[in-house]
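In: sharing a model prediction with you, sequence too.
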Amino acid sequence: MGSTKPVAMAAAHALVVGAAVAIATPVALVVPVLISLLTGPLGGAAAAGVPAFGILWLLDAAFRNGLPGSGLRAALPAGVLAFSAFVVCSAQLQLFRDPEAAVPSDLSVALWTGGLSAAAVIVTHVLFDRDPLAARAEPGIVDPADPADPTTRSPVITTDGTVPAAAAAASEADSAEQAEAAEQAEAAEQAEVAEAAAPVPERFDHVVVGGGVIGASTARALARAGGGGGARVLLVEQFGRGHDKGSSHGASRIFRRGYITDDWVALTGDAITAWRELEAETGRTLLDFTGALDHGDPVVLDEIQAALERGGVAHERLTPEEAAVRWPGLRFDTSVLFHAQAGRVRSADAVEALLDSAAAAGAELRFDTAVAGIETEGVGTEGAQTEGGDVVLRLEGAGGASSTVVTTSLVLAVGSWARYLAGDIVRRAGASLPEVRVTQEEPAHFTTELPDDAWPSFVHHPTDPALRARVSTIYGLLTPGEGVKVGTHGTGREVHPDARLASPGAEGQAVLRDYVSEWVPGVDVDTLAPISCLYDTTPTEDPVLDRVGSVTVATGFSGHGFKFGAVFGELLAGIATGTPAPERFRLRRG
C-alpha cells in the first residue's frame, strides 16, 4: 500500500463488505432457493450473484469517493455469494429428495460468505489497486511530504531563523506550479467523467420541425412511407399541441378550386383526394363542401373560369341578380362565378387528425421543444452539405432539459420562422430563400341570423377604385358556431413571428367594418370579433418546398397553403427522400 490511509480504508472496505454479506446472506438466499426449485442450483446462483454484483459495485464507488466502482472488486465477493447460493440451493434440493440429508446452518453460511468476501476485497486492494481511494495522487503530481523529491524539501533556514529570499521565491513558485498542475489534472478528469456520462444522441431517419398542418402532414407521410416502423420519424414543435402562435390554428380555412393556372387547379383536386383519405382513416369530417364563389373584376373571373374549364371542374356563371337570390347575405355588382366542389376545411380538427395519424404510423411527437441549434456535417467544396450527411440538432424542452438528435433528413416546416432556421443553411448551399414577408393578419367573425346553408365560401375581387386602394382581395366563409369570417388578404402589419402584436390594428378593423357594412348585409357588423394568424408571403405567393443537402425547407404559403396541407405533406416527404421538387416550388439557385 502507498500510505497508511489507503490501508485503513481498504481494511474498512473489507470489513463492511464482509459484514454486509454475512448478515444478508441467510435472508437473501431465500429467493435463490425458490428460484432453484424451477431452474436448478445454477439459476439460484445467478439470482444471488447478479444483484449482489450491482450492490457491491455501488458500495465500492462510495468508498472511492464517487469515482466509478471496480468491477473486479465487486465481482469477487459477488462470486463468493453466487457459489454459496449454489451450495445452499443444491443442499436444499437434496433435502427435498432426502429429508435426512445434511444442510449447512445459517451461521456457517454467514461466516464463510462474509469471511471469503472480506478476503476477496483485501486481495483486490493489494494486488490490483495499490492506491484505491480519492486520496491517491494524480499522475505527475508529487507528494509534497516526500523527502525524495527535491522540489518538496524544506527551504534552507539561515542562522537568524529566516528563509533566504531566493529560496522562498523558489518554494512559492514550486507550490504554485504544483497547485496549477493539480487543478489541470482535476479538470481533465472531470471532463472525462462528464464526457463518459453524456447521453448518446438519438438517431432518426427523419426529423420534422414544426407541428402545424404542413409539419404534421409531412411527419405522417414519412412515417407511413416507412411501412409502419421501417423509418424512425421525429416531429418537434416549439409550442404546445394545437397552439395559436402560427398559421394553422382556428376552426376553419377556406377551400376553393378557383385558381388561374392549371397546376394549382390540379393540385386542389389532389388535395380533395388527400383530405378524403384522411377522413376515411380517422373517422373525422374534415372537408365541408358548401360551394364557393368569386365575384367582382370580370377579367379575373374570366381567367379563373378558363382554368376551371381546362381542369374539368364544374362551375356556373350568374348575373348579380341571380346570385343575390341564391345568397342574400352578400351583395354583388358584377357577374358571379360559382363552383360547388369547394367550401371549408375544419382546420383545428385537420391538424389533430394529421398528428394522430402520424403517431399511429410510428412517428414520435415532441411538443414544447425548441430547436436551439442546427449543425450540418459532411459539407461540400462550396460549403453546401452533401446529400446523406448528418444533421445534428440541439433541442431544449419546456423545463430546460436539453437533448441532441441526429438525422440524415431534416424537414424545416417552420413557415414564418424559416429565415431564422433555414436561411444560413440555404445560403451555404449556393441558393437563397425568396423574400418572405411575415404579417399578422386580423380577420374577424360576425354573427348572422341566416341559416348555415346560406353561406358559401367567397372571394371578392373589387373593381371600385376606392376599395382597391385599401385592399386587393377580400375573402369570407362561415365558421359554424362562431359566425361568418371575413378578412382582407395579405394586408396585415409586418411582425417578427416571436413578437406578435397584442391588440388588433384600428385601421384594419375600420376597413373590415366599412366593407362588411356595404358588401355583407347578412351579418351584424356591430358583433365584430377579431382573430389573428401569421402569413408568410412570397412575392409570387408561391411557397418554397425544396431541399439542399439533407435539409428540406417549407415556407412562404402566402395565406392559401392550408387547403393543400394533406397533399403538401406527401409532396415534401417525396422531396426529402429524393424526388426533385416541382419547378414552381424550387429555391433560387446561382
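Out: Noted; the coordinates are in hand. Residues are numbered from 1 along each chain as shown.
In: can you tell me which residue is nearest the centre of this protein?
Out: By C-alpha atoms, centre = their mean, the chain has its centre lying nearest to Val236, at 3.1 Å.
In: quick check: bridge partners of that one?
Out: For Val236, the beta-bridge partners are Val209, Arg366 (DSSP bridges).
In: let me know the pLDDT of it.
Out: You'll see Val236 listed with a pLDDT of 98.
In: how far away is it from Glu352?
Out: Per C-beta to C-beta, to the nearest Å, Val236 is found 17 Å from Glu352. All C-beta atoms are positioned from the backbone trio N, CA, C, and that covers glycine.
In: okay, and the helix or strand of this protein with the least pLDDT?
Out: Every helix and strand of the chain was ranked by mean pLDDT, DSSP states H and E. The lowest is helix 165-197, at a mean of 64.
In: ok, the helix or strand that comes right after that one: who's next to it in the sheet?
Out: For helix 165-197, the succeeding helix or strand toward the C-terminus, using DSSP states H and E, is strand 202-204. Sheet pairing here is set by DSSP bridges, and for strand 202-204 it gives strand 402-407 (parallel).
In: quick one: mean pLDDT over the partner strand.
Out: Summarised as a single mean, pLDDT over strand 402-407 is 96.
In: could you say what helices and strands the helix or strand just after it packs with?
Out: Where DSSP H and E defines the elements, the next helix or strand beyond strand 402-407 is strand 410-413. Here strand 410-413 touches strand 206-209, helix 213-225, strand 551-555, helix 565-576, going by 3 or more C-beta pairs under 8 Å, 6 or more residues apart in numbering; DSSP states H and E.
In: let's see 6 Å
Out: Applying 3 or more C-beta pairs under 6 Å, 6 or more residues apart in numbering; DSSP states H and E, one finds that strand 410-413 contacts strand 206-209, helix 213-225, strand 551-555.
In: my read is Asp546 is in a strand, agree?
Out: Yes: the assignment for Asp546 (DSSP: H, G, I helix; E, B strand; the rest coil) places it in a strand.
In: surely it meets Ala581?
Out: Yes: if you go by C-beta atoms under 6 Å, Asp546 and Ala581 touch, sitting 4.3 Å apart.
In: the two: who's more crowded?
Out: The neighbour comparison of Asp546 against Ala581 (other C-beta atoms under 10 Å) goes to Asp546, with 23 against 18.
In: just the C-alpha atoms of the helix or strand hosting Val486, please, in PDB.
Out: Following DSSP H and E, one finds Val486 within strand 483-488. Output of strand 483-488 as PDB, limited to C-alpha atoms (Å, rounded to 0.1, in the frame of the first residue of the first chain):
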ATOM      1  CA  GLY A 483     -70.200  33.300 -37.300                       C
ATOM      2  CA  VAL A 484     -69.100  34.500 -40.800                       C
ATOM      3  CA  LYS A 485     -65.400  35.100 -41.000                       C
ATOM      4  CA  VAL A 486     -64.400  38.000 -43.200                       C
ATOM      5  CA  GLY A 487     -60.800  39.100 -43.900                       C
ATOM      6  CA  THR A 488     -58.600  41.100 -46.200                       C
END
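In: what strands line up against the next helix or strand after it, and which way round?
Out: Next helix or strand after strand 483-488 toward the C-terminus (DSSP H and E): strand 493-494. Strand 493-494 sits in its sheet next to strand 437-441 (antiparallel), going by DSSP bridges.
In: list the contacts of the strand it pairs with.
Out: For strand 437-441, contacts defined as C-beta atoms under 6 Å, 6 or more residues apart in numbering pick out 416, 492-495, 497, 500-501, 532-533, 535-537.
In: chain center to it: distance?
Out: Its chain's average C-alpha position is 26 Å from that of strand 437-441, according to C-alpha atoms, centre = their mean, to the nearest Å.
In: about what we covered before: could you export the helices and strands packed on strand 410-413 as TSV, including distance to Val511?
Out: Shown next, in TSV, are the helices and strands packed on strand 410-413 (distance: least, C-beta to C-beta, whole Å):
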stretch	distance to Val511
strand 206-209	35
helix 213-225	27
strand 551-555	27
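In: of all these, which lies closest to Pro443?
Out: For the helices and strands packed on strand 410-413, proximity to Pro443 was assessed by C-beta to C-beta; helix 213-225 is nearest, at 17.5 Å.
In: per-domain residue ranges of the chain.
Out: As assigned by automatic domain parsing, the chain contains the domains 4-128, 150-197, 207-251+346-435+539-590, 291-343+437-537.
In: buried deepest among the ones you listed, which one?
Out: Comparing these by mean neighbour count (mean count of other C-beta atoms under 10 Å), domain 207-251+346-435+539-590 comes out on top with a mean of 20.
In: now that domain: how far from the chain's centre is it?
Out: Distance of domain 207-251+346-435+539-590 from its chain centroid, counting by C-alpha atoms, centre = their mean, is 11 Å.
In: start and end of it, how far apart?
Out: 28 Å (C-alpha to C-alpha, to the nearest Å).
In: could you do stretch 522-539 as well?
Out: Length of stretch 522-539, first residue to last, C-alpha to C-alpha: 34 Å.
In: gap between that stretch and the chain center?
Out: 31 Å.
In: stretch 428-448 now?
Out: Taking C-alpha atoms, centre = their mean, the mean C-alpha location of stretch 428-448 is offset from the chain mean by 24 Å.
In: ok, for Val392, nearest residue in space, not its chain neighbours?
Out: Closest residue in space to Val392, ignoring its immediate chain neighbours: Glu375 at 4.3 Å, by C-beta to C-beta, 6 or more residues apart in numbering.
In: do the same with Pro434
Out: Distances taken as C-beta to C-beta, 6+ apart place Thr538 nearest to Pro434, at 4.6 Å, with adjacent residues excluded.
In: next up, the contacts around that neighbour.
Out: Neighbouring residues of Thr538 by C-beta under 6 Å, 6+ apart: Pro434, Val436, Gly556, Ser558.
In: ramachandran coordinates for it?
Out: Dihedral pair for Thr538: phi -100, psi 160, per degrees, to the nearest 10.
In: offset the numbering so it begins at 600, please.
Out: Done: numbering now begins at 600, and the last item shifts to Thr1137.
In: roughly how far apart are it and Ser1015?
Out: Computed with C-beta to C-beta, the distance linking Thr1137 and Ser1015 is 12 Å.
In: Ala824 versus Gly678, what's the distance?
Out: Relative to Ala824, Gly678 is positioned 51 Å away (C-beta to C-beta).
In: no, scratch that, I was asking about Pro631
Out: The gap separating Pro631 from Ala824 is 50 Å, by C-beta to C-beta.
In: now Asp901
Out: Distance from Asp901 to Ala824, counting by C-beta to C-beta: 41 Å.
In: ditto for Glu915
Out: Applying C-beta to C-beta, the value for Glu915 to Ala824 is 40 Å.
In: then Asp989?
Out: Applying C-beta to C-beta, the value for Asp989 to Ala824 is 21 Å.
In: contacting residues for Phe1045?
Out: By C-beta under 6 Å, 6+ apart, the contact set of Phe1045 is Gly1082, Val1083, Val1122, Thr1126.
In: who's in contact with stretch 1056-1068?
Out: With C-beta under 6 Å, 6+ apart, stretch 1056-1068 has contacts from 853, 855, 891-896, 899, 941-942, 1073-1076.
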